[in-house]
Each structure stands twice: as C-alpha cells, then as structure tokens.
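**Q** Quick check, what structure comes out for this input:
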Amino acid sequence: MIIAGPHPSRAQANRPSILLEKLHAAKQDTDRVNLYYSLSRWYWNRNTDSALLMAQNSLDLAQKIHFEKGIALAYLTKGVSLVSKGMLPEALECHFQCLRLSEKLGLVGLSGNEYNNIGIVYADLEDYAKALYYYQRAYDMALKVNDEAGRLNLLINIGEIYKKRGQPDSAIASNYQGYLIAQKAKDSLLIAITLYNMGENYVTKKEYRKAKSNLYEALAIAEKLKDDEDVAYCHSTLALALYYTGQYDSSLFYAQKGLEESKRSGIVELIKTAYNVLYLTHQEFGDYKKALDYRNLEVALHDSLIAVEKEKSIRYIQSSYELEKKQQQIDLLNKDNIIKNEELAKIKWRRNILIAGSLLLLLLSLILFRNYSQKRALSERLEIQNKNISAQNQQLEELGQVKNRLFSIIAHDLRGPVNSIWSMMKIIQVKGISGAESGSLIGKAVDSLDLTAKLLDNLLYWAKSQMDGMQISPVSFDVQQTIDQNVTLSKARAAEKQVNITMDETTAPVMAYADQAMVDIITRNLIENAVKFSKAGNLVAVSAEKTTDHILIAVKDEGAGIPPEARSKIFNKFSSYTTFGTAKEKGSGLGLLLCKELVEKNNGTIWFESTPEKGSTFYFTLPLA
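**A** Okay, here's the model as predicted:
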C-alpha cells in the first residue's frame, strides 16, 4: 500500500517565503547552506524541479566553504529529488556520497536514513537482494538508537520486498511486527497499512478467511481517516478475496467501488485488479458480454503496463550507460589536466636550466630524453585506456542486444503458448463441452505445456550463462550413460513420428571431465532437435568415442537439413533463426544457442555438417577424464 505524504497546513503554506526572507538576511554561509536544504525538503512531493535546484544550490555553497555536514545533507535531498524525476543511477550516487560523509562524521541517524534511501532506489530498480540488504542495515541502526518510528517504516518496506520476491510468509511476519509497534504508538494510519499488507499477502497464500479479517479491519480505519487511496486499496483487494470465497454479490459491489476510487486516484494497478474481479464475477453470473468487456479493458491496461515497464527498463539501462560514459569522460579530463600541469612545470624548469648556461646542456639533453620517454609511455597508456573504454561500450551494447532477445522470446514464444493454454482451459470450463472435445483440448494443452516447459528451461539456462552467473561443477562420468538416458526419454516422442533412435555402444566406459547436468542438457537438446526435423522412417544415430585428446559426441539425423543461407545464424546469439519441424513443431532458436554456451563453458567445441534434404550431424567435444 502506498503511504501518502503529509499535506501542508495553512501555517506551512507561507513556508517558502519565510525561508527565502531568512536566506536573503543570512550573513553566515553555513546558515545559507541549511536554508537551501530546508527549501529543498519543503518542495519534496510538491515541485521536483524546485527541490532539485535548491539542493544543488546548497551543495555548491557547502562544497565552496568545505562544510561537510552541509554537503552530506545536500546530497541527501538531491538524491530524493532525482528519484522523483526517475533518474535512479544518479540518485544512487548522491545517496552513497551522503552515506560516506555521514559515516565519516559519525552521524548515526543520517547514516540510517541513507541506508533506507539506498534500499528504496534499489527496490525501484527491482534489485530486491540489495534493497533488502540496505533496509536491514537501516533497521539494525534504528534498533540500536531505539527509533521506533524508523523501525516501523522499515518493517513495512522489508515486508514489501518479501512480497515482491514471492515470500508471503516473511512479508506477513515483517508487517505483523510493524503492526505491534503501530498499535503501541496508536498510529491509526500505519495500523491500517500493516493490516492491509497482511491481508494482501494472505490472498497470495489463498488463506482468504484471514485475508478478509485483516482487510475489513484496515478498511474501517481507512474510512474513519477519510484516506481515499487506502480505501481504494482495501476495496479492490477485498473484492478479490470475496470472489475466491464464492461471495460474488459482495465481490461485485466492492470491485465497482474500488474501480471508481482507483480511477479518481489514478492508481493503475488497482484499476487492473478491479477489471479482473469484475470480469470474473460477471462470468459467474452468466453475463458474458460484460465479462468480455471487462476482460478486454484488463488486457488493454495490462499491455500498456508492459509497454511502460519495458520503456522504464530501457530508460534505466540508458541512464546507467550515460552515467558510466560521463564518469569515463571526467576521468580522462582529470588525466589531461595532470598532464598539462606537468608540462607547464617542465617548461619552466627547462627555461631556468637554459639561463644557467652551457655547462648544463648535457643534463638538459638527458632530461629532454626522459621527458620524451614519459610522453610516449603516457600516450601508450591513454591508448590502452581508450581501447578499454571502447571494449566496455561494446560490452554494454551486446548486453542490450541480449536483453532485447530475451524480451522478444518472452513476449512472443512464451506468451503465445501460455495464452493458448489459458484459452483452452476457459473453454473446458464452459458447460456443454463433450467429453471427447474436452479430452482433445486437454491433450493439446499438455503438448503446449511440454513445449513451454522445455523453452523456459532453455531460456533460464541461456540467460544465466549470458549474465556470467552460471558456475560449472565438473566431475568424471561415463558419457554413454547420459546419452542412454536421453535416448530413452526421447524414444516416445520419436515413436509418435515413426522415427527410430539408435546409440552406438562400446564395452568400455567413455569417461569425460565436465559438468554432467550441462552435458545432459546439451545431449537432450541435440537429440530432440534431430527428432524434430526427421520424417517417418528416418533414423537418428547418437555416438560417443574417445580420441587422443578429447571425447567426441555426434548426433546424426536423416531429416530436412539446414539451408546454406541459415547456417551462419545457427550459433549467433544476436540473430534470431528458427523454423518449424517436420510435424509443424515450433521452436525458439534457443536450444542450439544454449548448447554452444554450455559446451564452451566446459572447454569444448561444437560444430555441424548438413546437406539439405539428406540430414545433419552435430558434433561436440568434452575434455578427457
């Protein structure tokens, strides 16, 4: 639940004019720094540009007079203002600058506040592990100084992180601790918030009785406080809990109220929830026209939210890239200034030596030679640095292309099968579907689920390998056993297509030293790929042999083969190539790409030979045990 900021009272309405009068009358620079800081804080949640301007004025003056506490506070308010403008990487840098100074000066309260602010930025960046780490550090400091109000807010923030990480039990436990503190403090607003948060997580756990109890209590408090946004949250989530307990009339009533309130408040997520509940309840009442109308509204809003999130992600990546590039430019300028200063000093020195007379000519020659060497070495270092910067820019561009590939696969190859399964399940729910038709639809759903599960498995492994997060655990094992297991698993699918799978077996084990789980994924993908492009009566042959310096595994088929124009795209992670199998099986192009990543992580190589309409053979090597 969103906690609304305080509204200015009439006494506060003239606050900027009062502060500006004091600013003009201030004689001490430290007083002016503090007044700029106070003005920036006053503009929070009112005028972001004004808040940022006052924060920058405070920072510039504090740095000029070397007022470290003023610098720290200016960085704090500048960071908060940048968060409001969506400039998260820049905001993070400001909060870290403030934290360094506050820890240096021993300002415990300010350090705790900054740990919380850093956690908020990481939560907005969806880096929940770092957000939780900094929230917990802030909580420990609040506990140390006995700050009950700070503990309460942090428990709510920590509960929100647990909710987003899919840990409802931990989220409930954190909010319950906050609820006890809020009760002790008699803070009605925070009591309502913790009750709502617990109710929302109980809905996630499908414990609807507990959810309704908490939500009704939170609603009563929010209505008493006349807090429209909190009332909207309670109505929408309560409507969902009532629907799942079969109380459709009440669910419809609260969903309609929640929709009206959410539209007034402009809370898009709540509008989407209300559309969903109205769609579900009207469907239960048999009013399929209204149900369809609300479903269309929900889908349209959902698609717009996806577009916004995608744009937000791209903006964050671009901001991070620009921040890094800006820092590199600053570093280069600093180095240039150092070089210029050194040059000026050396020129002055040469002039003095020339005045000293001809007796020092030999010494001057030696100095000039040394200067030339230094310049050359410095030039070489700058050239290396420029190459490193270019390499970093290229790496950022490649990461952007990998991200776009992932988004494309998730949006097209996963979304399609999931929507298809959902549609078939909804059709089965409708009365009048015969047993034969229902069985056929379930069969198609199972096939689609099987395809989606394999695609998701490949997608997760490939994404992990791209982010350098995949650790290999090599062991010595018999490759033939791994091949035999995958041949056995693939025979049922092959039999459906009347394709025969054989394995060349030797009496002696073929021992490799690699990650057995990864080799299992490589082998399974290659065998399934061979079956996918084979026709009835074709043969798929799998073999493994030991050579002088490695293990060679081959998967051969007699299928469609690979067109010459497509071969350069097979193992290219920046180009997307996929085609239907002989039985119209759909693919994502990830399987072979994943095989390449996993083979190379195990110090092997992978390649293929193919003839159109005659088949293909994929080879890969593994280290000897």
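**Q** Can you name the residues that contact Gln485?
**A** Residues near Gln485 by C-beta atoms under 8 Å, 6 or more residues apart in numbering: Asp520. Heads up, the C-betas are built off the backbone N, CA and C, glycines and all.
**Q** If you count neighbours, what's buried in the strand or helix carrying it?
**A** Assigned by DSSP states H and E, Gln485 falls within helix 479-496. Neighbour counts over helix 479-496 (16 or more other C-beta atoms under 10 Å) mark 479-480, 482-484, 486-487, 490-491, 493-494 as buried.
**Q** Just give me the least confident of these.
**A** pLDDT is lowest at Arg493 among these; the value there is 82.
**Q** mind checking how far it is from Ile501?
**A** 10 Å (C-beta to C-beta, to the nearest Å).
**Q** and the closest residue to Lys532 other than its chain neighbours, how many residues sit next to it?
**A** Spatial nearest neighbour of Lys532, excluding adjacent residues (C-beta to C-beta, 6 or more residues apart in numbering): Gly581 at 3.7 Å. Gly581: 18 surrounding residues under other C-beta atoms under 10 Å.
**Q** Within the sheet, what are the partner strands of the next helix or strand after the helix holding Gln485, with directions?
**A** Using DSSP H and E, the next helix or strand after helix 479-496 towards the C-terminus is strand 500-503. Strands that pair with strand 500-503, judged by DSSP bridges, come out as strand 539-546 (parallel).
**Q** Could I get the average pLDDT for the strand it pairs with?
**A** 94.
**Q** What residues sit buried inside that strand?
**A** Result for strand 539-546 [16+ other C-beta under 10 Å]: buried residues 539-544, 546.
**Q** what's next to the helix or strand in which Arg100 is found, contact-wise?
**A** According to DSSP H and E, Arg100 maps onto helix 88-105. Residues from elsewhere that reach helix 88-105 (C-beta under 8 Å, 6+ apart): 68-69, 71-73, 75-76, 78-80, 82-83, 110-111, 114-115, 117-118, 121-122, 124-125, 316, 319-320, 323.
**Q** which of the residues you listed count as buried?
**A** 69, 71-73, 75-76, 78-80, 82-83, 110-111, 114-115, 117-118, 121-122, 124-125, 316, 319-320, 323.
**Q** Tell me which entries of the residues you listed lie within helices.
**A** 69, 71-73, 75-76, 78-80, 82-83, 110-111, 114-115, 117-118, 121-122, 124, 316, 319-320, 323 (DSSP state H).
**Q** This protein - how does it break down into domains?
**A** Split into domains by automatic domain parsing, the chain comes to 227-342, 473-622.
**Q** State the distance from the residue positioned nearest the centre of the chain to Ile118.
**A** Central residue of the chain (C-alpha atoms, centre = their mean): Glu126, 5.3 Å from the mean position. Separation of Glu126 from Ile118 (C-beta to C-beta): 15 Å.
**Q** The stretch 201-350 of the chain: helices as residue ranges?
**A** With DSSP state H, counting those that start in this stretch as the criterion, the stretch 201-350 of the chain has helices at 208-225, 228-244, 248-265, 268-284, 288-356.
**Q** elements contacting the fourth one?
**A** Right, the one you point to is helix 268-284. helix 228-244, helix 248-265, helix 288-356 (3 or more C-beta pairs under 8 Å, 6 or more residues apart in numbering; DSSP states H and E).
**Q** Quick one: low-confidence residue ranges for this structure.
**A** Scanning the chain for pLDDT under 70 picks out 1-14, 305-345, 351, 354, 358, 391-424, 426-470, 506-507, 574-577, 586-589.
**Q** can you do 50?
**A** Applying pLDDT under 50 to the chain picks out residues 2-14, 314, 317-319, 321-323, 325-327, 330, 334, 411-412.
**Q** Backbone dihedrals for the residue nearest to the centre of the chain, please?
**A** phi 60, psi 30 (degrees, to the nearest 10).
**Q** quick one: what helix or strand has Val555 in it?
**A** Assessed by DSSP H and E, Val555 sits inside strand 551-557.
**Q** Show me what the helix or strand following that strand is packed against.
**A** Toward the C-terminus, strand 551-557 is succeeded by helix 590-601 as the next helix or strand (DSSP H and E). Applying 3+ C-beta pairs under 8 Å, 6+ apart, we find helix 590-601 packed against helix 435-466, helix 516-532, strand 606-611, strand 615-622.
**Q** switch to 10 Å and redo it
**A** Here helix 590-601 touches helix 361-409, helix 435-466, strand 511-514, helix 516-532, strand 606-611, strand 615-622, going by 3 or more C-beta pairs under 10 Å, 6 or more residues apart in numbering; DSSP states H and E.
**Q** and the angle for it with strand 606-611?
**A** 140 degrees (axes from the mean of the first three to the mean of the last three C-alpha atoms, to 10 degrees).
**Q** Give the buried residues for helix 590-601.
**A** 590-599, 601.
**Q** about what we covered before: name the nearest of the buried residues of helix 479-496 relative to Leu132.
**A** Nearest to Leu132 out of these is Thr482 (C-beta to C-beta; 38.5 Å).
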